[in-house]
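Asker: Here's my sequence, what's the structure:
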Amino acid sequence: MAVERNPEQELLPKKKQSATDEEKEKRRKNIVPEGLLKAEMRPGAGTEKPVDGDQVIYHCTIRTLDGVIVKSTRLEAGGKGYPMRQILWKSKMILGLLEGIPTMLKGEVAMFKMKPELHYGEDDCPVAVSESFPKYEELHFEIELIDFSKVKVVSEDLGVVKKVTSEGEGWETPREPYEIKVRISAKTGSGKLIFSHNEGEPFFFTFGRSEVPKGLEMGVGTMTRGEKAVIFVSKNYLTDSPLMPVVEDFEDVEFEIELVHFIQVRDMLGDGRLIKRRIRDGKGEFPMDCPLHDSLLRVHYKGMLLNEENEVFYDTRVDNHGQPLEFCSGEGLVPEGLEMCVRLMLPGEIALVTCPPDYAYDKISRPAGVPEGAHIQWEIELLSFEMPKDWTGLNFASIMEDADNIKNTGNRLFQEGKFELAKAKYEKRECIDTFISFEVSVKTTTIDLQVLREFNHVNPQDDEEGKIFLNSRNSLHLNVAACYLKMGEWRKSIEACNKVLDSNPLHVKALYRRGMAYLSGGEFDEARSNFEKMPTIDKSSEPDAKAALQKLKQKQLEVEKKAKKQFKGLFDKNPGEISDAGAHPIDDNKAQDEGVLKAEEESHERERDNQKDSRLDEDEDLHEAEPPRRGLLSRLWPFSSSFFMVGQQRCTIL
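Answerer: Residues are numbered from 1 along each chain as shown. Down below sits the predicted model:
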């Protein structure tokens with residue numbers, strides 16, 4: 001029988017064609033009357049037939065009309081014994097098979113008679129054959145359709161393809177350097193068993209360490225926990241590995257896989273120093289149910305030195321009478337490495353964290369028994385967490401009170417020199433790893449839940465509330481500007497000041513802060529313009545403006561002096577001669593003394609600048625902080641008492 005196109009399809013409304021659709025239409029123009037005829041030799045089973053995008057596995061024997069075999073996949077007909085494995089309209093195939101195979105049932109054997117235009121004689125045929133091949137003759141194609149199925153294309157060149165046989169749970173998939181447990185067997189395309197790890201303990205490997213063939217690892221990387229699949233891997237992706245050495249005879253290998261379990265292992269910094277290893281799953285979906293935002297956290301933890309003895313230096317279950325540690329994230333109260341990892345835990349999860357000293361106790365007080373420069377290991381269990389207040393439904397006074405509490409925490413962090421954390425508090429932004437975007441990365445990003453953004457939804461009801469609202473928002477912007485300035489990001493500091501000046505061009509404090517930012521960046525004309533404008537708005541700011549202008553003058557003179565020294569003598573030589581700019585003998589002792597004096601002078605100057613900032617940044621009164629009280633957190637975290645000043649200290653610098 002002739003294989004023809006369905007005329008009803010041509011009557012349907014035409015949709016926008018993709019590149020593949022255009023290719024199909026272009027190639028189908030080569031179909032000639034009676035160019036493809038089919039004779040059923042053995043019926044198949046079922047009613048389903050392959051469709052575009054399906055993977056088809058079939059044996060093929062090609063004969064001339066006289067019965068001479070010119071090509072075959074079958075061993076008895078001179079082939080290698082491996083069936084063809086292709087994806088309809090994705091693999092490179094002859095037109096006659098693309099049109100004929102979709103008419104077949106699983107297990108069916110059919111004979112297709114093709115004119116040259118339908119096989120290798122087609123213009124621009126994508127499949128190459130030898131010069132001796134009779135591609136301009138009519139040929140018989142004997143096809144046995146062994147199997148067909150929906151598949152996921154893992155590699156663009158179709159060298160790795162996955163067929164799901166049983167769906168898994170969740171959506172998280174393994175990635176480097178996760179630890180994987182699988183039940184696995186492998187066989188050739190002809191069905192010969194290569195190996196099996198389906199009995200006893202599952203096979204264990206670490207993702208990304210070349211412990212399994214590259215193609216297999218790529219396929220496993222698309223699987224979810226509990227999923228069963230067949231991963232078809234072509235020869236190009238069968239790299240040498242402890243699981244299976246390279247065997248030249250294999251063109252294709254089918255791996256039957258059950259992903260029994262995987263352990264989430266995260267390289268938090270991307271350099272192998274801070275590693276979080278999940279040893280017990282928590283409840284919920286990662287990362288949606290993690291405490292990504294600043295939250296009140298309750299954890300049990302055990303701290304150990306990373307040495308041969310794994311000496312325990314603190315255990316909440318022993319040293320705190322079984323009570324957990326409670327702390328608020330984003331406030332610098334616990335080691336940075338511990339907090340980074342807890343933010344990526346689910347309630348009930350237990351994780352083992354190895355941490356370098358600079359993310360452990362180098363920046364906060366070290367507990368007894370932890371030597372300087374020691375690497376740490378924590379075993380952490382996240383019991384629960386409470387999210388911060390939602391301003392929805394709160395009245396104006398409650399919102400302003402919460403904003404003040406957040407601002408006061410930021411002030412305390414600023415006073416401690418933790419400018420990045422302080423900035424995050426003012427903006428109510430939490431820093432987390434970009435693998436929250438489900439990619440492993442060493443970079444950090446922020447969640448756009450800013451206090452300043454939430455202020456857009458606050459609606460003052462009268463002039464008095466409007467004044468309070470505006471002052472609070474401006475204060476936060478100026479505090480952010482102060483943090484950026486301390487962090488050396490003077491352009492971002494200017495942007496923060498501009499947000500205040502856009503709504504109030506006569507804001508003296510914003511002008512001063514922006515002028516200091518311009519000064520820090522060496523843009524002296526812009527800085528001078530800001531400082532000179534201050535007294536015209538508020539006469540009381542004249543002393544601060546004069547001091548700032550004097551500092552600007554000194555810095556400008558230093559820059560000019562340095563430039564003159566650098567280029568001194570550069571143009572004093574005759575043409576063709578080279579002068580060493582600034583190359584003059586200097587007395588070492590004199591240079592050292594001058595360096596010490598200059599460092600002391602700069603230190604005093606910074607102190608004076610901070611005092612000036614403190615008078616200009618807030619309308620609050622500066623007074624001494626009360627001695628910190630030892631509360632619950634202090635008792636649970638005895639070596640961090642220096643941090644318990646939240647809400648007790650008000651300062652004018654911020």
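Asker: contacts, neighbours, all on C-alpha from now
Answerer: Noted.
Asker: Which stretches in the stretch 201-350 of the chain count as helices?
Answerer: Ranges of helices in the stretch 201-350 of the chain, per DSSP state H, counting those that start in this stretch, are 214-220, 316-319, 336-342.
Asker: lowest-pLDDT helix or strand in this protein?
Answerer: None of the helices or strands of the chain scores lower by mean pLDDT, DSSP states H and E than strand 444-446, at a mean of 29.
Asker: Just want the phi and psi numbers for Gly515.
Answerer: Backbone torsions for Gly515, taken as degrees, to the nearest 10, come to phi -60, psi -40.
Asker: Asn471 and Glu465, how far apart?
Answerer: Distance, Asn471 to Glu465, using Cα to Cα, to the nearest Å: 10 Å.
Asker: Next, the contact list for Arg225, please.
Answerer: By Cα atoms under 8 Å, 6 or more residues apart in numbering, the contact list for Arg225 reads 168-170, 172-173, 259-262.
Asker: try 7 Å this time
Answerer: By Cα atoms under 7 Å, 6 or more residues apart in numbering, the contact set of Arg225 is 168-169, 259-261.
Asker: Among those, find the lowest-pLDDT one for me.
Answerer: Lowest pLDDT of the contacts of Arg225: Glu169, 90.
Asker: Run through the bridge partners of that one.
Answerer: Beta-bridge partners for Glu169, by DSSP bridges, are Arg225.
Asker: How many neighbouring residues does it have?
Answerer: Glu169 has 10 neighbouring residues, counting by other Cα atoms under 10 Å.
Asker: re the thing from before, of all the helices of the stretch 201-350 of the chain, which one is nearest Arg273?
Answerer: Arg273 lies closest to helix 336-342 among the helices of the stretch 201-350 of the chain, at 10.1 Å (Cα to Cα).
Asker: The host helix or strand of Arg183 packs against which elements?
Answerer: In the assignment (DSSP states H and E), Arg183 maps to strand 179-188. Applying 3 or more Cα pairs under 7 Å, 6 or more residues apart in numbering; DSSP states H and E, we find strand 179-188 packed against strand 193-197, strand 203-206, strand 252-263.
Asker: For the ones you listed, give me CSV that also has mean neighbour count and distance to Cys60.
Answerer: Formatted as CSV, those follow (neighbours: other Cα atoms under 10 Å; distance: least, Cα to Cα, whole Å):
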stretch, mean neighbour count, distance to Cys60
strand 193-197, 13, 23
strand 203-206, 18, 36
strand 252-263, 22, 17
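Asker: circling back: quick one: average pLDDT of the strand holding Arg183?
Answerer: Confidence for strand 179-188, expressed as mean pLDDT, is 95.
Asker: Report the contact partners of Ile263.
Answerer: Shown in contact with Ile263 (Cα under 7 Å, 6+ apart): 178-180, 278-279.
Asker: quick revisit: which one of the helices of the stretch 201-350 of the chain lies closest to Asn405?
Answerer: The minimum distance between Asn405 and the helices of the stretch 201-350 of the chain falls on helix 336-342, with 20.9 Å, by Cα to Cα.
Asker: what distance separates that closest one from the centre of its chain?
Answerer: In this view, helix 336-342 has its centroid 17 Å away from the chain centroid, taken as Cα atoms, centre = their mean, to the nearest Å.
Asker: Could you give the average pLDDT over that helix?
Answerer: Mean predicted lDDT for helix 336-342 stands at 94.
Asker: Partner strands of the next helix or strand after it and their direction?
Answerer: Following helix 336-342 in sequence order, the next helix or strand is strand 350-355 (DSSP H and E). Strand pairing for strand 350-355, using DSSP bridges, gives strand 275-280 (antiparallel), strand 376-386 (antiparallel).
Asker: Mean neighbour count and mean pLDDT added to those, as JSON lines?
Answerer: Formatted as JSON lines, those follow (neighbours: other Cα atoms under 10 Å; pLDDT from 0 to 100):
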{"stretch": "strand 275-280", "mean neighbour count": "21", "mean pLDDT": "94"}
{"stretch": "strand 376-386", "mean neighbour count": "21", "mean pLDDT": "95"}
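Asker: In a markdown table: the ones you listed, plus distance to Gln415.
Answerer: Shown next, in a markdown table, are the strands paired with strand 350-355 (distance: least, Cα to Cα, whole Å):
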| stretch | distance to Gln415 |
| --- | --- |
| strand 275-280 | 30 |
| strand 376-386 | 27 |
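Asker: So which of the ones you listed is nearest Glu523?
Answerer: Among those, strand 275-280 comes nearest to Glu523, with 43.1 Å by Cα to Cα.
Asker: tell me the secondary structure for Thr47?
Answerer: With DSSP: H, G, I helix; E, B strand; the rest coil as the basis, Thr47 sits in coil.
Asker: Roughly how far does Asp358 sit from Gly488?
Answerer: Per Cα to Cα, Asp358 is found 21 Å from Gly488.
Asker: right, I mislabeled it, should have said Ile101
Answerer: Distance of Ile101 to Gly488, computed by Cα to Cα: 67 Å.
Asker: So if I had to pick from these two, which one is more boxed in?
Answerer: The neighbour comparison of Ile101 against Gly488 (other Cα under 10 Å) goes to Ile101, with 21 against 14.
Asker: phi, psi of the more buried one?
Answerer: Here is the backbone geometry of Ile101 (degrees, to the nearest 10): phi -60, psi -40.
Asker: Which pLDDT value goes with it?
Answerer: Confidence score, pLDDT, at Ile101: 98.
Asker: With Val299 instead?
Answerer: pLDDT, read off for Val299, is 96.
Asker: How about the contacts made by it?
Answerer: Shown in contact with Val299 (Cα under 7 Å, 6+ apart): 324-326, 380-383.
Asker: what sits opposite it in the beta ladder?
Answerer: When assigned by DSSP bridges, Val299 has beta-bridge partners Leu325, Leu382.
Asker: where's the nearest residue to Glu258 once chain neighbours are set aside relative to Lys162, distance?
Answerer: With sequence-adjacent residues excluded and distances taken as Cα to Cα, 6 or more residues apart in numbering, Glu258 is closest to Lys228, at 4.4 Å. Remark: distance between Lys228 and Lys162 (Cα to Cα) = 10 Å.
Asker: for Glu23, same thing?
Answerer: Between Glu23 and Lys162 the distance is 25 Å, computed by Cα to Cα.
Asker: which of those two has more neighbours?
Answerer: For the pair Glu23 and Lys162, the greater number of neighbours falls to Lys162 (27 against 12), based on other Cα under 10 Å.
Asker: Look up the residues forming beta bridges with that one.
Answerer: Note on Lys162: beta-bridge partners Lys152, Ile231, judged by DSSP bridges.
Asker: check contacts around it.
Answerer: 151-154, 219, 229-232.
Asker: about what we covered before: any idea which of the helices and strands packed on strand 179-188 gets closest to Glu142?
Answerer: Glu142 lies closest to strand 252-263 among those, at 22.0 Å (Cα to Cα).
Asker: Parallel or antiparallel, which strands does the closest one pair with?
Answerer: Strand 252-263 has the following sheet partners, assigned by DSSP bridges: strand 179-188 (antiparallel), strand 228-234 (antiparallel).
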